[in-house]
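Predicted model and sequence below, questions to follow.
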Amino acid sequence: MSETPPHTGGLLLLIDGTAGLLTVAALGIALLLVLIIKVRLQPFVALLAVSIAVGLSAGLSVTELFGTVQRSDAVSMIETGMGGILGHVTIIIGLGTMLGAILEVSGGAEALSTRLLNLFGEKRAPLAMGLTGLIFGVPVFFDVGIFVLAPIVYAAAKRSGKSILLYCMPLLAGLSMTHAFLPPHPGPVAAAGLFKVDLGWVILMGIVVGIPAVLAAWVYAAWIGKRLFVPVPQDMVEAADEAKAAVAAERAARRAAARSTGATGGGDGVGVGGGTGTVALAGAPGDDDPAEQPVSLTTVFTIIGTPLLLILAATFSSIALDPSTLRSVIEFFGHPFVALTIALLMAYYLLGIRRGWSRKSLETVSTSSLKPVGNILLVVGAGGIFGAVLKGSGIADALADTFNDVGLPVIVLAWLISVVLRVAQGSATVAIVTTAGIVVPLVEGQDLSQAHLALIIMAISAGSIFASHVNDGGFWIVAKYFGISERDTLKSWTVLETVLSVAGFVVAALLSVFI
């Protein structure tokens, strides 16, 4: 690399060359951590502010950063950085979020966990909870999975009289693994967009890396669950019981009203059963009311599995098939946008319309599910801006040369950077998008395969869940929802996340040697 960077303004007037660029990078990351940890600035605002500060410090002009007010050929680095990543991830995250909401509200999670508990029996209930988290975690966000499935954990732990850790930790491991490694969750989707990797490869490597990692986490969950007794939180149990009683009373009242009026049909909408994950018909349900029937396990598997199989089929058709009409058809249906749309329409019909939902109810559930997504998309977009500024200013090239001189494989550096950012500021999404912005330039020009790049994404994702502690919102959700003290949460949840992270990284690193 030339000693003279492409820009010479800003801080480079004092420290020129590669040393100046590395200083700007270090100060930028330090400023990001201070703004998020100390100032408590919203991560999107912090990433945007740091991106602008880094760009100006590295000598970028205002025109390069923001473009011009008048129409011209000048390209805004901020607009292209944000638009480039959001154009890829917004549709996927939006469709995935709505799919998860329909599965949640329809009672799909409750049906899944109940069937698995009946299938595995009392002795293997922890395994059933783990599989529930693993399967249901694919379409829903981590915290949503906890809110929906926690009452089932309370019931299993209360019935057995054993520590709640024995049941909640396997569940949390499954939810955390899918959240970190598998689309349509924001982290892996954002990283795939930045690395320009097909989602099919990310799904495949997410499964290959994630399954051994979650198995290791389950082993630790079984060990800590037998050695650390935490009783079921009675306030949470009472709240769940009250919610179920309220739903039952509402259904009974509607039945009574139906009998008195002679009504037999459905109504205009659905009433969401608070805390139970079920939906009651707003009309006059009877014993054969489809909304009262448990969701079929086959239906849940079909809806969750369809987009994954379609995307994988499209990815491998480009390898196994020559250009043809058949390949074009497979690639069309396997595009993430199309595959997730198909899955969502299936959920609308199988879990909604066929079970008595009105179109208004489907719209209400879908729209309300998108409210929390705005913050995630803004953070992901700001991460794209940060990466664009690093590349456009020449900092990315300086980092690439420096890390190459260190001699560590890129996959190891990716995991270490992600771990540091995760432990320092707590947000997995911020850790992923920031690390990806730093690592992408390291792999450019190396002619790495899509599979190898997907493994690097897995390493970044694994690092982003390392050692969840008090600066992570997930830490407090786990502690408060399951009634675990801060000290015991560190012993159980924090270590569980560390096991999941290290195991996932080890598998990804080993596979990268051969792929």
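Cool, got the structure. Numbers count the residues shown, from 1 in each chain.

Run through the residues that contact residue 381.
Listed by CB atoms under 8 Å, 6 or more residues apart in numbering, the contact partners of residue 381 are 44, 81-82, 85-86. Glycine gets a C-beta too; all of them are placed from N, C-alpha and C.

Mark which of those residues are buried, thanks.
By neighbour count, with 16 or more other CB atoms under 10 Å, the contacts of residue 381 hold 44, 81-82, 85-86 as buried.

Go through the contacts of residue 381 and name the one nearest residue 192.
residue 85 (10.0 Å; CB to CB).

Touching, that closest one and residue 382? I think so.
No: checked against CB atoms under 8 Å, the pair residue 85 and residue 382 is beyond contact range at 9.4 Å.

what sits in contact with each of the two?
Contacts common to residue 85 and residue 382, judged by CB under 8 Å, 6+ apart, are residue 433.

Looking at the buried ones among the contacts of residue 381, which are in helices?
Among those, DSSP state H puts 44, 81-82, 85-86 in helices.

quick one: least confident of those residues?
Minimum pLDDT for those is recorded at residue 85 (85).

What residues does that residue make contact with?
190, 193-194, 380-381, 383-384, 387, 433.

Ok, residue 148 next?
Contacts of residue 148 by CB under 8 Å, 6+ apart are 104, 109-110, 136, 140, 277.

Tell me how many other residues crowd the nearest residue to residue 467 once chain neighbours are set aside.
Setting aside the residues directly before and after it, residue 467 is nearest to residue 498 in space (CB to CB, 6 or more residues apart in numbering), at 5.0 Å. When neighbours are counted by other CB atoms under 10 Å, residue 498 registers 18.

Okay, and residue 498 sits in which element?
helix 495-514 (DSSP states H and E).

contact partners of that helix?
Under CB under 8 Å, 6+ apart, the answer for helix 495-514 is 169, 172-173, 176-177, 180-181, 205, 208-210, 212-214, 216-217, 220-221, 224, 409, 411-412, 415, 419, 452, 455-456, 458-459, 461-463, 465-468.

still on that earlier bit, residue 325: which of the contacts of residue 85 is nearest?
When the contacts of residue 85 are compared for distance to residue 325 (CB to CB), residue 193 wins out at 28.9 Å.

Packing partners of the helix or strand harbouring the closest one?
According to DSSP H and E, residue 193 maps onto helix 186-195. Under the contact criterion of 3 or more CB pairs under 8 Å, 6 or more residues apart in numbering; DSSP states H and E, helix 186-195 touches helix 77-105, helix 165-181, helix 199-227, helix 373-393, helix 428-443, helix 450-463.

let's go with 7 Å and repeat that
Counting contacts by 3 or more CB pairs under 7 Å, 6 or more residues apart in numbering; DSSP states H and E, helix 186-195 is packed against helix 77-105, helix 199-227, helix 373-393, helix 428-443, helix 450-463.

quick one, which of those helices is packed in tightest?
Among those, helix 450-463 has the highest mean neighbour count (mean count of other CB atoms under 10 Å), at a mean of 28.

before we move on, the earlier item: buried set for the helix holding residue 498?
Those would be 495-509, 511-512, for helix 495-514 by 16+ other CB under 10 Å.

what's the average pLDDT for that helix?
On average, helix 495-514 scores 97.

Grab the CA positions of that helix and hand them over as CSV.
What follows is helix 495-514 as a C-alpha-only set of coordinates in CSV (Å, rounded to 0.1, in the frame of the first residue of the first chain):
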residue,chain,number,x,y,z
VAL,A,495,-21.7,-18.7,30.4
LEU,A,496,-24.3,-20.4,28.1
GLU,A,497,-23.8,-17.6,25.5
THR,A,498,-20.1,-17.9,25.8
VAL,A,499,-20.2,-21.7,25.2
LEU,A,500,-22.5,-21.1,22.2
SER,A,501,-20.1,-18.4,20.8
VAL,A,502,-16.9,-20.4,21.3
ALA,A,503,-18.4,-23.6,19.9
GLY,A,504,-19.8,-21.9,16.9
PHE,A,505,-16.5,-20.2,16.1
VAL,A,506,-14.5,-23.4,16.5
VAL,A,507,-16.7,-25.2,14.1
ALA,A,508,-16.6,-22.4,11.6
ALA,A,509,-12.8,-22.1,11.9
LEU,A,510,-12.3,-25.8,11.4
LEU,A,511,-14.6,-25.9,8.4
SER,A,512,-12.8,-22.9,6.8
VAL,A,513,-9.6,-25.0,6.6
PHE,A,514,-11.3,-27.3,4.2
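
Run the angle between it and helix 199-227 for me.
In terms of direction (axes from the mean of the first three to the mean of the last three CA atoms, to 10 degrees), helix 495-514 departs from helix 199-227 by 140 degrees.

Pull the distance from helix 495-514 to the chain's centre.
Distance, stretch centre to chain centre, for helix 495-514: 18 Å (CA atoms, centre = their mean, to the nearest Å).
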